[in-house]
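Peer 1: after the sequence you'll find the predicted model.
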Amino acid sequence: MTDQNGHTRRVSALTRLARWLGPKPWFAAVGRVVLPPVDRLTGKLTKGRFISMRMRELPALLLTTTGRKSGQPRATPLLYTRDGDGFVVIGSNWGQRHHPDWSSNLVANPRATVTLGGQNIPVLARLITGSEREPLWEELLTMWPAYATYTERAGGRTLRLFRLEPTD
């Protein structure tokens, strides 16, 4: 695997296994039910230091949005890639035909919090569109190739990409 700086990095066996499992329909069906609640709990208890899918090659964060209907905080574990000082996340929803709630929450209220490495980082979300989208999409696909399968399963739904920009 080549990183953002053009250096070749060896991909761990665990990451290779996760990437192999990622596109499997049963993995998505089980993963979308099991992983989010486990990761919300472990992410909260460890202040974002442990999220199940996080590995060197699969960075993960905990995103807390404000529920657009409830007004309550909603935490979601997500894979991400860096873009400058920001984070890029994708609303794949494991390939389901509807957008994930967290992405609809960000559309309604772009202020959120990223929990990563024991830090809470206030962010402002921006939907990525146009020519800015393609290179970030390719980077996300390199990290998690299953996003291509999720796009097919989503039945024509465009998976939303967001840039989470840290605020003061």
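Peer 2: Noted; the coordinates are in hand.
Peer 1: ranges for the helices of the protein?
Peer 2: 13-21, 25-45, 101-108, 133-143, 146-153 (DSSP state H).
Peer 1: distance of the residue lying closest to Ile121 once chain neighbours are set aside relative to Thr149?
Peer 2: Using C-beta to C-beta, 6 or more residues apart in numbering and skipping the chain neighbours, the partner closest in space to Ile121 is Val114 (4.5 Å). In short, each C-beta sits where N, CA and C put it, glycine included. Computed with C-beta to C-beta, to the nearest Å, the distance linking Val114 and Thr149 is 26 Å.
Peer 1: between the two, which one's more packed in?
Peer 2: Each of Val114 and Thr149 has its neighbours counted (other C-beta atoms under 10 Å); Val114 has more, 22 against 17.
Peer 1: am I right that that one is in contact with Thr65?
Peer 2: No. Look at Val114 against Thr65 with C-beta atoms under 8 Å: they stay out of range, at 10.5 Å.
Peer 1: next, count neighbours for Ser131.
Peer 2: Using other C-beta under 10 Å, the number of residues around Ser131 comes to 6.
Peer 1: hang on, I meant Leu106
Peer 2: Neighbours of Leu106 under the rule other C-beta under 10 Å: 26.
Peer 1: right, and Leu141 touches Ala148 too?
Peer 2: Yes. When contacts are counted by C-beta under 8 Å, Leu141 is listed as touching Ala148 (6.0 Å).
Peer 1: what about Thr142, how many residues nearby?
Peer 2: 15.
Peer 1: can you check Tyr150 too?
Peer 2: For Tyr150, using other C-beta under 10 Å, the count is 21.
Peer 1: now Thr64
Peer 2: 20.
Peer 1: now do Leu159
Peer 2: Per other C-beta under 10 Å, the neighbour tally for Leu159 reads 18.
Peer 1: contact partners for it?
Peer 2: Residues in contact with Leu159 (C-beta atoms under 8 Å, 6 or more residues apart in numbering) are Ile90, Gly91, Ser92, Asn93, Tyr147, Tyr150, Thr151.
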